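Colleague: Provided below are the primary sequence and the corresponding predicted coordinates.
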Amino acid sequence: MSMPQVFFAYFAVTMVTLSVLVVTRRNPVHSVLWMLILFVHIAGLYLFLNAEFLAAVQIIIYAGAILVLFLFVIMLLNLRKEETEKRFQKQWPFSVVAGIVFAIFLVLIVKNIAVLAPLGPYTAETMKSEGHMMTVGTVLYTEFLLPFEIASLVLLVAIIGAVVLAKKRIE
Amino acid sequence: MSAMEMFWIFIKVFIAVNVLMLHVAYVVYFERKVIGHMQARLGPMRVGWHGLLQPIADGIKLFFKEDIIPSSADKPIFYIAPVIGVIAALSSLAVIPLWKNFSIANLNIGILYILALSSVGSFSVILAGWSSNSKYSFLGGLRSSAQVISYEIAMGLSLVGVMMLSRSANLHDIVKAQSEHWFIWSQPVAFFVFLMAAIAETNRAPFDLPEAETELVAGYATEYSGMRFGLFFMAEYAGMFIMSALATICFFGGWSGPTYGILANVPGLVWFLLKVYAFIFFYFWIRATLPRYRYDQLMSLGWKLFIPLSLANIVVTGLIKIL
């Protein structure tokens, strides 16, 4: 195996292990912690793909904001009862089997059809010369302006919805 | 990467970490002296000349103190919480340009890297509060998590103006973009927001609610003792250094200094550290002057003043750039 393959293998195996750890922990705070490590690994994978901006944003948004919110909510709820109850429903062995079968199918499919998209203008070399942040920004505000604006509108609707739900009616 | 480059990186890491560690030890002394004199006291005077050896005595004391762990604490998390804080603070140092072309790593996303690590560092406080299994610690941890989320937004947004003006998030490029005039002149609002958010981010007075000693004993650090407590201390002061360095780089021209006469020959590191220490003095000054904010005041200040201000700043900066 070449060096990049070793690198990728490490990240892939660790990420799968970490995901399993996240769903199997009894203590929700421990789950969140394993998730933090998982997010850092995802950021590492982005770096591996020359997407340094995405890597930084992954940590700032997911680890810095969303996970802190998760922790905040978990700490406010009293989850002592959850810890003693059964973790999974009865059908979990079937889910595991189904998951493994699906994984095998995926491997077989990917092995047989080589899906190679045509090489776009944003190669690793252009990323290096222009910088990933600059490239993402330019593309987002020219080529994909409409989807970008739609996404921000959807988020705005969600924010307004949250405010409406949370706001107490003053009588 | 050749062996020579590796060696050079090790030397750089050695220099940067030593600068920071000495700084952490003596800034505590500096703080006690400054606040002492502001309150018409003398500060530490007993150990060494004018108490100069006090930090060393404190360090030895912390090192040999008994390490007490509450019996119902979540032990693994209790152990790693202070370590996360120190590691996050120390690794932020990697992208700070101490003088021209001297930083351990020259990253294109320097600002984002520091913001990312400061958000990872906040986990240290939150987890310490949770894992101690004590009411005071827990309240401290909760306060910290809410405070960090709110003020991180303001901080990130205030730096967007700087990134727009310098067209880069690379800290070296930001300093170079300020060769004509410092960004404090074109981004005063962003500077104000950044400074306040930095104080909240490092849990310093008047925003030190996670450890408010009059109500929460010592907040998240209540159950910590000995060297583990020392690690929190280190993380806090290292964080202050990083935030002051970031303010220096983004708004006060980093390592650049006057270019006339004999002053032009002074190395950049001296100017850089002088500016950083001015900021650190400002931290102490504020701590000695202002009373602590109430929690709801802190939140409304963050969401209703700082975030709208920094958003308006981005819009105005963009308009000026276009016109």
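Modeller: All right, it came through fine.
Colleague: From now on I want contacts and neighbour counts done on CA atoms only, so please keep to that.
Modeller: Fine.
Colleague: can you give me the helices in the stretch 201-323 of chain B?
Modeller: Counting by DSSP state H, counting those that start in this stretch, the segments of the stretch 201-323 of chain B that form helices are B:213-216, B:226-251, B:268-289, B:295-300, B:307-322.
Colleague: The ones you listed: which one's closest to B:Ser71?
Modeller: Comparison of these against B:Ser71 by CA to CA identifies helix B:226-251 as nearest, at 16.1 Å.
Colleague: okay, the angle between the closest one and helix B:268-289?
Modeller: Helix B:226-251 and helix B:268-289 are oriented at 110 degrees to each other (axes from the mean of the first three to the mean of the last three CA atoms, to 10 degrees).
Colleague: helices or strands next to helix B:226-251 in the packing?
Modeller: Helix B:226-251 is packed against helix B:3-38, helix B:54-64, helix B:75-92, helix B:135-166, helix B:171-177, helix B:183-186, helix B:188-201, helix B:268-289, with contacts defined by 3 or more CA pairs under 8 Å, 6 or more residues apart in numbering or on different chains; DSSP states H and E.
Colleague: For that helix, the averaged confidence score.
Modeller: Helix B:226-251 comes out with an average pLDDT of 85.
Colleague: so how far is B:Ser91 from B:Ser144?
Modeller: From B:Ser144 across to B:Ser91, the span is 21 Å (CA to CA, to the nearest Å).
Colleague: Apologies, that question was intended for B:Leu209.
Modeller: 25 Å.
Colleague: In terms of neighbours, single out the busier of those two.
Modeller: Comparing B:Leu209 with B:Ser91 by neighbour count (other CA atoms under 10 Å in any protein chain shown), the higher total belongs to B:Leu209, at 27 against 16.
Colleague: Could you report the pLDDT at that one?
Modeller: On the pLDDT scale, B:Leu209 gets 73.
Colleague: Could you do the one 5 residues further on as well?
Modeller: Turning to B:Thr214, the model gives it a pLDDT of 71.
Colleague: which secondary element of chain A has the worst mean pLDDT?
Modeller: helix A:80-84 (a mean of 65; mean pLDDT, DSSP states H and E).
Colleague: so what's the residue in the stretch 201-323 of chain B that chain A sits nearest to up against?
Modeller: Across the stretch 201-323 of chain B, no residue is closer to chain A than B:Glu201, which sits at 12.3 Å (CA to the nearest CA). The contact partners of B:Glu201, by CA atoms under 8 Å, 6 or more residues apart in numbering or on different chains, come to B:118, B:147-148, B:151-152.
Colleague: Check B:Leu53 too.
Modeller: So B:Leu53 contacts B:Val47 (CA under 8 Å, 6+ apart).
Colleague: Tell me where chain B is predicted with low confidence.
Modeller: Chain B contains residues with pLDDT under 70 at B:1, B:212-213, B:261, B:264.
Colleague: Next to chain A in this structure, residues from it, please.
Modeller: B:108-109, B:112-113, B:115-116, B:119-120, B:122-123, B:130, B:142, B:145-146, B:149 (CA under 8 Å from any CA of the partner chain).
Colleague: do that again at 6 Å, thanks
Modeller: Counting by CA under 6 Å from any CA of the partner chain, the positions of chain B adjacent to chain A are B:112, B:116, B:119, B:149.
Colleague: doesn't A:Gly64 make contact with the third one?
Modeller: Going back to what we said before, that points to B:Ser119. Yes: the criterion here is CA atoms under 6 Å, and B:Ser119 meets it with A:Gly64 at 4.6 Å.
Colleague: Between the two, which contacts overlap?
Modeller: The contact sets of B:Ser119 and A:Gly64 do not overlap (CA atoms under 6 Å, 6 or more residues apart in numbering or on different chains).
Colleague: circling back to that earlier point, relative to B:Asp296, which of the helices and strands packed on helix B:226-251 is closest?
Modeller: Using CA to CA, those put helix B:135-166 closest to B:Asp296, at 10.5 Å.
Colleague: Taking helix B:188-201 as reference, get the angle to the closest one.
Modeller: Using the same axes, to 10 degrees: helix B:135-166 against helix B:188-201 is 160 degrees.
Colleague: Can you give me the buried ones in helix B:135-166?
Modeller: Neighbour-count burial for helix B:135-166 flags B:136-163, B:165-166 (criterion: 16 or more other CA atoms under 10 Å in any protein chain shown).
Colleague: what's that helix packed up against?
Modeller: When contacts are defined as 3 or more CA pairs under 6 Å, 6 or more residues apart in numbering or on different chains; DSSP states H and E, helix B:135-166 packs onto helix B:110-131, helix B:188-201, helix B:307-322.
Colleague: just those helices: most buried one?
Modeller: helix B:110-131 (a mean of 25; mean count of other CA atoms under 10 Å in any protein chain shown).
Colleague: Restricting to C-alpha, output it in PDB.
Modeller: What follows is helix B:110-131, C-alpha atoms only, in PDB (Å, rounded to 0.1, in the frame of the first residue of the first chain):
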ATOM      1  CA  GLY B 110      -4.800  30.600   9.700                       C
ATOM      2  CA  ILE B 111      -7.700  32.500  11.200                       C
ATOM      3  CA  LEU B 112     -10.100  29.600  10.800                       C
ATOM      4  CA  TYR B 113      -7.600  27.300  12.400                       C
ATOM      5  CA  ILE B 114      -7.400  29.400  15.500                       C
ATOM      6  CA  LEU B 115     -11.200  29.800  15.700                       C
ATOM      7  CA  ALA B 116     -11.500  26.000  15.300                       C
ATOM      8  CA  LEU B 117      -9.100  25.300  18.100                       C
ATOM      9  CA  SER B 118     -10.600  27.800  20.400                       C
ATOM     10  CA  SER B 119     -14.000  26.100  20.000                       C
ATOM     11  CA  VAL B 120     -12.300  22.700  20.700                       C
ATOM     12  CA  GLY B 121     -10.800  24.300  23.800                       C
ATOM     13  CA  SER B 122     -14.200  25.200  25.100                       C
ATOM     14  CA  PHE B 123     -14.900  21.500  25.400                       C
ATOM     15  CA  SER B 124     -12.300  21.500  28.200                       C
ATOM     16  CA  VAL B 125     -14.400  23.800  30.400                       C
ATOM     17  CA  ILE B 126     -17.800  22.200  29.600                       C
ATOM     18  CA  LEU B 127     -16.500  18.600  30.200                       C
ATOM     19  CA  ALA B 128     -14.700  19.600  33.400                       C
ATOM     20  CA  GLY B 129     -17.900  21.000  34.700                       C
ATOM     21  CA  TRP B 130     -19.900  18.000  33.800                       C
ATOM     22  CA  SER B 131     -17.500  15.300  34.800                       C
END
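Colleague: The nearest residue to B:Phe284 once chain neighbours are set aside: neighbouring residues, count only.
Modeller: Distances taken as CA to CA, 6 or more residues apart in numbering or on different chains put B:Glu31 closest to B:Phe284, at 6.2 Å, once the chain neighbours are dropped. Neighbour count of B:Glu31, defined by other CA under 10 Å: 19.
Colleague: now B:Gln147: how far from chain A?
Modeller: 11 Å (CA to the nearest CA, to the nearest Å).
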